[in-house]
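Enquirer: Coordinates for the following, if possible.
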Amino acid sequence: MESKLNQVDAEAVRERVLAGYAAMARAATASREKLAGGSGCCSPTGSGSSTATADDLAKRVGYNAAELATLPDGANMGLSCGNPTALAALKPGEVVVDLGSGGGFDVFLAGPRVGATGRVIGVDMTPDMLGKARRNTAAYRERTGLDNVEFRLGEIEHLPVADRSADVVISNCVINLSPDKAQVWREIARVLKPGGRVAVSDLALLRPLPVQIQELVRAWIGCVAGASLVSESEAFARGAGLTDIQLQQKPEYVEALSGFEDPLYDKIAAALPAGTRPSDYVISLNVTARKPG
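Expert: Numbers count the residues shown, from 1 in each chain. Down below sits the predicted model:
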C-alpha cells in the first residue's frame with residue numbers, strides 16, 4: 001500500500017491538500033454549526049452535507065462536552081478522529097507540539113493542561129488555517145488567562161521546531177495526508193527530548209483499499225486513500241527509533257460517520273466489493289510511543 005502511494009507526486013498531493021484545507025478554513029463559521037466541508041475527518045472539499053455537527057463527532061471520538069465548551073468559537077472544525085490530548089496525559093510545565101493544528105482545536109485544549117509554565121506549539125502548512133488559529137488565540141487568552149500557545153507555519157515533514165525541545169508531540173488525523181509518513185515520524189523523533197512521548201490519533205487500514213478508492217481525490221483529502229496499514233504505522237514509529245509503541249484500534253469513528261450519513265463514506269461504501277463496508281477496511285488508530293531516554 002505504502003509503496004504505491006509513494007509513486008504519487010508529493011508536491012501535487014500537498015497542493016491538493018493545501019487547497020482543500022484553505023477552502024475549509026475560509027468556509028468554516030462556528031464550531032456549533034454543521035461541518036463546513038460535510039465529510040468529517042480531513043475532508044474539506046466533499047459535496048453534500050453530513051448530518052453530524054463538529055461537536056457530535058468530537059464526542060464520539062473521546063472529547064467531553066465540558067472541554068468542548070471551553071473552546072473559542074470555530075476552533076472545532078470536525079476534523080478529529082481521536083483525542084490525542086487525553087492519550088498524552090499532559091502535565092504542567094510540558095512543551096507540546098501539535099502536528100497539523102488547523103484552527104487550534106487540540107492546542108487550545110492542551111494549553112490549560114500544561115499551564116502557565118508550559119507551552120503548546122501548533123504547526124500547520126495552510127496559511128488560512130494558521131490565520132484562523134491565531135485569531136482564536138485572543139479568545140483563548142481571555143477565557144483562560146494563559147499566554148502559552150503559538151502557531152507556526154510549516155510542513156509536518158520539516159517541522160519549524162528545534163531538536164530535542166518537546167516533551168510531547170500530538171497529532172489528530174493529519175499524518176495520513178502526508179506523502180512521506182516515514183519522514184514525519186523521523187521529525188517527531190528529532191524534536192522530542194530524550195524520554196519524550198508521542199500520542200497520535202489517525203486513520204489506518206486493516207487491509208488495502210481497492211484501487212478505485214485510492215484514486216478518489218476526495219478520499220485522499222479525506223485521510224482514507226492516504227492511510228497506511230496498521231502494521232506500517234507501527235513500522236514508521238519503530239523505524240524512527242521510538243520505543244514502547246502501543247497501538248489501539250478504535251472503530252467508533254468510522255461507525256459514527258456511517259450513522260451520520262457522511263457523504264464521503266457513502267461514496268466509498270458504494271465503491272467497495274459487495275458485502276463489505278468502510279469499517280471492514282478503515283479504523284481510527286491511536287498510536288503512543290516514547291523516545292529512548
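Enquirer: So for residue 159, what's the pLDDT?
Expert: The predicted local confidence for residue 159 comes out at a pLDDT of 98.
Enquirer: swap in residue 30?
Expert: Looking at residue 30, its pLDDT stands at 40.
Enquirer: Show me the helices in the stretch 101-250 of the chain, by range?
Expert: 105-114, 127-144, 181-191, 211-214, 217-221, 230-239 (DSSP state H, counting those that start in this stretch).
Enquirer: Neighbours of the spatially closest residue to residue 93 that is not a sequence neighbour, how many?
Expert: Counting by C-beta to C-beta, 6 or more residues apart in numbering, residue 117 is the residue found nearest to residue 93 once chain neighbours are left out, at 4.3 Å. Backbone N, C-alpha and C define where each C-beta goes, glycine included. Residue 117 has 10 neighbouring residues, counting by other C-beta atoms under 10 Å.
Enquirer: Residue 117 is in contact with residue 95, isn't it?
Expert: No - in this structure residue 117 lies outside contact range of residue 95 using C-beta atoms under 8 Å: 10.0 Å.
Enquirer: on that earlier part again, give me whichever of the helices of the stretch 101-250 of the chain is most buried.
Expert: Per residue and on average, the most neighbours among the helices of the stretch 101-250 of the chain fall to helix 105-114, with a mean of 26 (mean count of other C-beta atoms under 10 Å).
Enquirer: low-confidence ranges in the protein?
Expert: Under the criterion pLDDT under 70, the flagged ranges of the chain are 1-10, 12-13, 19, 22, 25, 27-52, 216-223, 225, 258-259, 261-262.
Enquirer: Select the longest strand from it.
Expert: When the chain is scanned for its longest strand (criterion: DSSP state E), the result is strand 192-205.
Enquirer: Each with direction, which strands does it pair with?
Expert: Strand 192-205 pairs in its sheet with strand 166-172 (parallel), strand 228-229 (parallel), strand 282-290 (antiparallel), by DSSP bridges.
Enquirer: tell me the angle the first one makes with helix 105-114.
Expert: In this structure, strand 166-172 runs at an angle of 150 degrees to helix 105-114, with axes from the mean of the first three to the mean of the last three C-alpha atoms, to 10 degrees as the basis.
Enquirer: Run the angle between strand 166-172 and helix 181-191 for me.
Expert: Comparing the axes of strand 166-172 and helix 181-191 via the same axes, to 10 degrees yields an angle of 150 degrees.
Enquirer: sorry, back to before: so which of the helices of the stretch 101-250 of the chain comes closest to residue 161?
Expert: When the helices of the stretch 101-250 of the chain are compared by C-beta to C-beta, helix 181-191 sits nearest residue 161, at 4.5 Å.
Enquirer: contacting residues around that closest one?
Expert: 2, 97, 99, 156-159, 161-166, 169, 175, 178, 198, 228, 232, 236-237, 239-242, 291 (C-beta atoms under 8 Å, 6 or more residues apart in numbering).
Enquirer: mind redoing it with 7 Å?
Expert: 97, 156-159, 161, 163, 165-166, 169, 175, 178, 198, 228, 236-237, 239-242, 291 (C-beta atoms under 7 Å, 6 or more residues apart in numbering).
Enquirer: ChimeraX command for the buried members of those residues?
Expert: The following ChimeraX line selects those of the contacts of helix 181-191 that are buried, judged by 16 or more other C-beta atoms under 10 Å:
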select :97,156,157,159,161,165,166,169,175,178,198,228,236,237,240,242,291
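Enquirer: could you dump the strands paired with strand 192-205 to a markdown table with distance to residue 16?
Expert: Listed next are the strands paired with strand 192-205 as a markdown table, based on distance: least, C-beta to C-beta, whole Å:
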| stretch | distance to residue 16 |
| --- | --- |
| strand 166-172 | 20 |
| strand 228-229 | 18 |
| strand 282-290 | 20 |
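Enquirer: Can you tell me which of those is packed in deepest?
Expert: Most buried of the strands paired with strand 192-205 by mean neighbour count (mean count of other C-beta under 10 Å) is strand 166-172; its value is a mean of 27.
Enquirer: Export that one to PDB, keeping only CA atoms.
Expert: Only the C-alpha atoms of strand 166-172 are listed here, as PDB (Å, rounded to 0.1, in the frame of the first residue of the first chain):
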ATOM      1  CA  ALA A 166       9.400  19.000  23.000                       C
ATOM      2  CA  ASP A 167       8.200  16.800  25.900                       C
ATOM      3  CA  VAL A 168       5.200  15.600  23.800                       C
ATOM      4  CA  VAL A 169       4.200  15.500  20.200                       C
ATOM      5  CA  ILE A 170       0.500  15.100  19.300                       C
ATOM      6  CA  SER A 171      -1.400  14.800  16.100                       C
ATOM      7  CA  ASN A 172      -5.000  14.300  15.200                       C
END
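Enquirer: I am finished for the moment; much appreciated.
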